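> Provided below are the primary sequence and the corresponding predicted coordinates.
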Amino acid sequence: MGKLSNILCASLALTFLTPELSYGQKPARKLFGHKPLPAALKPAAHGFYTKGCLAGAVAIPVDGPNWQSMRLSRNRRWGHPKLISMIEQLSYKAKEDGWNGLLVGDISQPRGGPMLTGHRSHQMGLDADLWLTQMPNKRMTYQERENTSAISVLKKGSIYVDQSRWTRAHTMLLYHAASFPEIERVLVNPGIKKQLCDNVKGNRKWLHKIRPTWGHHYHFHLRMACPSGSPNCKKQNATPRKTGCNDGSLDWWFNVKLAPKKKPAKPKKKKPRRELTVSDLPRACTFVLSANAPSLEAATHKSIAAAFVAPEIKLPKFSAARVLQGKAIEASGTPVSSLNAAANYILNGNVPVPTPRPGVR
């Protein structure tokens, strides 16, 4: 009887294991990627950009006066409240300099963490992808947001910017993105960095935040510094204070990394990267996973343009299977520019002039 009692106690103990033990070695992307709503906790980024999670996330609204969220099926419009607020502020600043409106791509999953598909980063709600294509004059339907393709700013088959596509508004968009003190990096294609280095006059100090990297010719990537209230957030190394235009670092991309290479006789097989498990992440992430969730309405960022009303889009129930079948932003489809038509959103009264929020600017 004593032995049976011990077995029963052990069984009950397993039933009430701490989240850390119950998640064990399960793939983190499958656990985080299946969560449709955020953790109802105080906002905090835990870990690092490529190995972390997010508590207290908020969703950027599907529509704002100067933005539209894209690829809604992915459910990746979640971020730290300070980042979401900055994206809103950026939409107004860019509008003043000729950018019709932001098309907002992936930010983070509701609780951050490794994603079901794509990015290695975007795990703490401090990264955001914004398209290098302006918002059309019409409000896109759900299907248009799924199928519309972004447009590369590079010449076809080239590593340099297509001058017929690049405008002053592109330059000013990146300038305003880099102007937020909390934004540490703005990741772009090396061709875009070269375009800025060759053409920006006057104040060039902000160029040190514009960092060349692979891809990123359809969109650019905002990266925010660790916010206050996130003691478990690991900082990235600071960017050099130089512009990065005349120190040889940009030349390295064109002369070495992007230079044509001979194809090897036998392509090297890449060793598959080990999949992250929950135990690889900060301990706090197990509690983020197990926390209760607020309602979608309660967890959606409250826009400063309270008078703005857009046509309602009914979002289907979140499906991880739909995420796995989703399209990349450069997938073939209707280009955004072809969607321009008469504006079909309603303004009830005047949209208030935005003012900087405490802790943002």
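Good, I have the coordinates.

> just the helices in the stretch 51-200 of the chain please.
Counting by DSSP state H, counting those that start in this stretch, the stretch 51-200 of the chain has helices at residues 81-96, 142-147, 168-179, 190-199.

> With Gly215 as the reference, name the closest of these.
Of all those, helix 190-199 sits nearest to Gly215, with 10.2 Å by CB to CB. C-beta: built from backbone N, CA, C; applies to glycine.

> rewinding a little: which of the helices of the stretch 51-200 of the chain is buried the deepest?
helix 81-96 (a mean of 22; mean count of other CB atoms under 10 Å).

> which secondary structure elements does it contact?
When contacts are defined as 3 or more CB pairs under 8 Å, 6 or more residues apart in numbering; DSSP states H and E, helix 81-96 packs onto strand 58-59, strand 67-69, strand 102-104, strand 127-131, helix 168-179, strand 219-224.

> Next, format the ones you listed as CSV and append distance to Asn199 and mean pLDDT.
Shown next, in CSV, are those (distance: least, CB to CB, whole Å; pLDDT from 0 to 100):
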stretch, distance to Asn199, mean pLDDT
strand 58-59, 36, 98
strand 67-69, 26, 98
strand 102-104, 22, 98
strand 127-131, 21, 97
helix 168-179, 7, 98
strand 219-224, 16, 97
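
> would you turn the ones you listed into CSV with distance to Ala265?
As requested, the helices and strands packed on helix 81-96 are exported to CSV (distance: least, CB to CB, whole Å):
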stretch, distance to Ala265
strand 58-59, 50
strand 67-69, 46
strand 102-104, 43
strand 127-131, 37
helix 168-179, 41
strand 219-224, 35
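
> Out of those, flag the one nearest Glu96.
Taking the helices and strands packed on helix 81-96 one by one with CB to CB, helix 168-179 is closest: 8.5 Å.

> ok and the closest one relative to strand 219-224, angle-wise?
Angular relation of helix 168-179 and strand 219-224 on a 0 to 180 degree scale: 20 degrees, by axes from the mean of the first three to the mean of the last three CA atoms, to 10 degrees.

> hey, least reliable of the helices of the stretch 51-200 of the chain by pLDDT?
Mean pLDDT per stretch puts helix 142-147 lowest among the helices of the stretch 51-200 of the chain, at a mean of 94.

> gap between that one and the chain center?
Centre-to-centre, helix 142-147 and its host chain are 18 Å apart (CA atoms, centre = their mean, to the nearest Å).
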